[in-house]
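# No sequence on hand, only this structure:
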């Protein structure tokens with residue numbers, strides 16, 4: 001909790017201000033004077049809680065007071081923590097000891113994280129300032145509109161305020177999951193029902209697949225058909241077919257004969273040696289292993305072999321001489337028959353027609369396969385999107401359920417607090433959050449200004465008691481519009497809370513006796529004309545007596 005604020009620019013009697021654990025009142029004079037520093041001091045409280053509006057909200061403080069330093073002390077679990085912030089270095093917070101010796105320098109975000117931790121907020125989806133900006137209601141800030149207590153400013157969208165509540169009540173995971181699904185789908189959750197879904201033609205996929213199978217069979221048949229079937233397919237007559245078939249058979253027969261002769265020729269050539277065998281050196285090598293061998297006998301045998309080879313060689317030369325002309329004659333006949341077939345034009349035309357048919361069928365298969373693959377891909381995307389949309393719809397349903405729970409918790413607590421504040425004489429305010437995150441906040445049957453401000457306070461107190469809000473601030477422009485009989489019970493509720501509440505109030509003697517007593521007991525700073533926060537009011541003309 002905040003236990004102390006000091007500033008040497010304050011008037012001497014106000015330089016040290018200490019705080020209570022519950023209600024802390026900045027009390028104005030009976031005349032209800034303005035420009036004495038009540039709201040300014042509330043802005044200073046916001047400043048020591050990590051706010052940034054003090055000193056930048058207006059130019060008056062800069063012009064009239066100039067740069068200055070705010071010293072302040074927090075206490076957590078009996079341990080005091082001393083700090084200061086200088087208005088000429090607003091992004092830094094300095095930690096010091098009790099004697100104001102420097103310990104360390106913190107960035108403003110680091111300081112806020114320190115408060116977030118020490119106040120045990122435990123809501124990682126929120127920052128400290130996101131909480132305080134909604135519940136520190138000070139004149140000059142746009143969150144004091146009585147009819148819109150959930151909004152941090154009039155132009156804020158309801159959805160953002162509702163998302164804040166979801167985070168505050170610990171349901172950030174649902175929000176994060178919905179946001180992730182929205183990004184994945186490329187649409188907002190609110191567009192789900194109105195979105196036109198395009199469906200993939202499944203029948204077209206099945207039709208294409210059947211056509212592809214049929215075309216593949218046709219292609220296979222084209223590539224494997226016999227010549228007779230191909231001729232018939234392309235419309236050639238039987239006589240032409242018989243003539244060409246006879247030529248083809250003759251050609252095949254001659255080719256076989258020619259190939260046999262060529263095989264014989266190749267075999268003969270492979271057996272002819274190009275040079276004499278060198279045996280002398282081999283026989284000499286043999287003597288090294290068999291010194292007593294009869295070399296002369298070996299030489300006689302080898303001489304006999306040479307004679308045999310000479311005889312066989314002559315015969316093979318004669319056979320080559322005989323075979324070569326026959327092969328040449330067969331080659332001539334093969335060429336003649338090939339020309340005859342070519343001159344008929346059938347083979348070429350048949351080949352071109354088959355090729356053309358194969359190409360056309362292949363192109364049709366490729367086109368249909370590409371089209372079918374794209375349809376299947378679209379179908380997979382459609383199925384995946386449908387699954388994602390179902391998941392998003394389920395998350396939205398869970399979110400609606402959680403919003404219902406939040407709404408019921410707040411309404412139940414508001415009914416309890418309002419019953420105490422109005423002594424069960426008036427209806428409690430009601431909060432209704434639609435599944436589309438629209439906010440309706442009203443007090444049924446009562447639209448008066450006093451009731452509206454009372455309902456705002458009841459709402460803040462309800463959330464303060466339900467969730468880990470570090471503190472609340474209510475300026476006098478809120479409280480002075482509430483009926484005295486209700487204000488008395490509100491002050492009691494402030495006083496009994498476990499959290500710190502900071503308020504500004506003037507004309508205390510115009511309230512009920514009990515309310516006056518509470519305001520006096522909880523006053524931590526009393527201001528009036530001639531007793532301003534900074535010792536003077538620059539909004540009034542100075543008079544010379």
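Right, received. Where do you want to start? Quick caveat, the model's predicted, so the values are computed rather than measured.

# Pull the distance from whichever helix or strand residue 62 is part of to the chain's centre.
For residue 62, the host element (DSSP states H and E) is helix 60-64. A distance of 47 Å separates the centroid of the chain from that of helix 60-64, by CA atoms, centre = their mean, to the nearest Å.

# for it, which positions count as buried?
residue 61 (16 or more other CB atoms under 10 Å). Quick note: C-beta positions are derived from backbone N, CA and C, even for glycine.

# pLDDT of that helix, averaged?
Averaged across helix 60-64, the pLDDT comes to 84.

# what do you get for stretch 404-421?
96.

# Could I get the buried residue list for that stretch?
406, 407, 409, 410, 411, 413, 414, 415, 417, 418, 421.

# any idea how far residue 165 is from the third one?
Remark: distance between residue 409 and residue 165 (CB to CB, to the nearest Å) = 10 Å.

# now, which of the buried residues of stretch 404-421 lie within helices?
With helices defined by DSSP state H, the entries of these inside them are 406, 407, 409, 410, 411, 413, 414, 415, 417, 418, 421.

# JSON lines for these, including distance to residue 451?
JSON lines is the format used below for those (distance: CB to CB, whole Å):
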{"residue": "406", "distance to residue 451": "23"}
{"residue": "407", "distance to residue 451": "20"}
{"residue": "409", "distance to residue 451": "22"}
{"residue": "410", "distance to residue 451": "17"}
{"residue": "411", "distance to residue 451": "16"}
{"residue": "413", "distance to residue 451": "18"}
{"residue": "414", "distance to residue 451": "13"}
{"residue": "415", "distance to residue 451": "15"}
{"residue": "417", "distance to residue 451": "14"}
{"residue": "418", "distance to residue 451": "10"}
{"residue": "421", "distance to residue 451": "11"}
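
# Closest to residue 71 out of those?
residue 417 (35.6 Å; CB to CB).

# Break this structure down into its structural domains.
1-119+494-545, 202-368 (automatic domain parsing).

# Could you list the low-confidence segments of the stretch 151-300 of the chain?
For the stretch 151-300 of the chain, applying pLDDT under 70 flags the ranges 186-198, 200-201, 219, 222-245, 247-248, 251, 270-291, 293-300.

# hmm, try it at 80
When residues are selected by pLDDT under 80, those of the stretch 151-300 of the chain lie in 182-206, 216-254, 256-258, 261-300.

# how about the strands in it?
In the stretch 151-300 of the chain, no segments count as strands under DSSP state E, counting those that start in this stretch.

# which outside residues touch the helix holding residue 62?
40, 54, 55, 87, 534, 538 (CB atoms under 8 Å, 6 or more residues apart in numbering).

# quick one, phi psi at the fifth one?
Here the main-chain torsion angles of residue 534 (degrees, to the nearest 10) amount to phi -100, psi 10.

# isn't it right next to residue 8, touching?
No. Residue 534 lies out of contact with residue 8 (CB atoms under 8 Å); the separation is 10.8 Å.

# if you count what's nearby, which of those two comes out ahead?
residue 534 (19 against 10; other CB atoms under 10 Å).

# Read off the pLDDT value for the more buried one.
91.

# Equivalent analysis for residue 108, please.
pLDDT at residue 108 comes out at 97.

# Check residue 32 too.
54.

# low-scoring stretches of the stretch 301-450 of the chain, by residue?
301-323, 327, 330, 333-362, 371-372, 374-390, 392.

# quick one, helices of it?
346-421, 449-466 (DSSP state H, counting those that start in this stretch).

# same thing with the stretch 51-200 of the chain?
60-64, 108-118, 128-135, 158-168, 172-185.

# if I look at residue 261, how far off is residue 316?
For residue 261, the distance to residue 316 - CB to CB - is 15 Å.

# Spatially nearest residue to residue 39, not counting backbone neighbours?
Leaving aside its sequence neighbours, residue 39 sits nearest to residue 139 (CB to CB, 6 or more residues apart in numbering; 4.6 Å).

# beta partners of that neighbour?
residue 141 (DSSP bridges).

# does it really touch residue 479, like I thought?
No. Contact criterion CB under 8 Å: residue 139 and residue 479 do not qualify, at 11.3 Å.

# More neighbours: these two, which one.
Taking other CB under 10 Å, residue 139 and residue 479 do not tie; residue 479 has more neighbours (22 against 16).

# Now do the same contact list for that one.
Counted by CB under 8 Å, 6+ apart, residue 479 has contacts 453, 457, 487, 490, 503, 504, 505.

# Make JSON lines from those and add pLDDT to it.
As requested, these are exported to JSON lines (pLDDT from 0 to 100):
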{"residue": "453", "pLDDT": "95"}
{"residue": "457", "pLDDT": "97"}
{"residue": "487", "pLDDT": "94"}
{"residue": "490", "pLDDT": "96"}
{"residue": "503", "pLDDT": "96"}
{"residue": "504", "pLDDT": "95"}
{"residue": "505", "pLDDT": "93"}
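
# and the residues you listed, which of them are in strands?
503, 504, 505 (DSSP state E).

# I'd like those residues written out as JSON lines, with neighbour count and distance to residue 148 added.
Below are these laid out as JSON lines (neighbours: other CB atoms under 10 Å; distance: CB to CB, whole Å):
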{"residue": "503", "neighbour count": "25", "distance to residue 148": "20"}
{"residue": "504", "neighbour count": "26", "distance to residue 148": "21"}
{"residue": "505", "neighbour count": "24", "distance to residue 148": "23"}
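
# could you redo the residues you listed as CSV and give each row distance to residue 364?
Converted to CSV, these look like this (distance: CB to CB, whole Å):
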residue, distance to residue 364
503, 84
504, 85
505, 88
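
# Closest one of those residues to residue 2?
Distances from residue 2 to those, taken by CB to CB, are shortest for residue 503, at 14.1 Å.

# now the closest one, nearest residue through space, not along the chain?
That would be residue 474: by CB to CB, 6+ apart, it lies 4.8 Å from residue 503.

# partners of the one you found in the sheet?
residue 137, residue 503.

# Let me see the contact set for it.
137, 457, 460, 501, 502, 503, 504.

# For these, which two are the farthest from each other?
460 and 504 (15.0 Å).

# Do I have it right that residue 411 meets residue 430?
Yes. Residue 411 sits in contact with residue 430 when judged by CB under 8 Å, with a separation of 5.9 Å.
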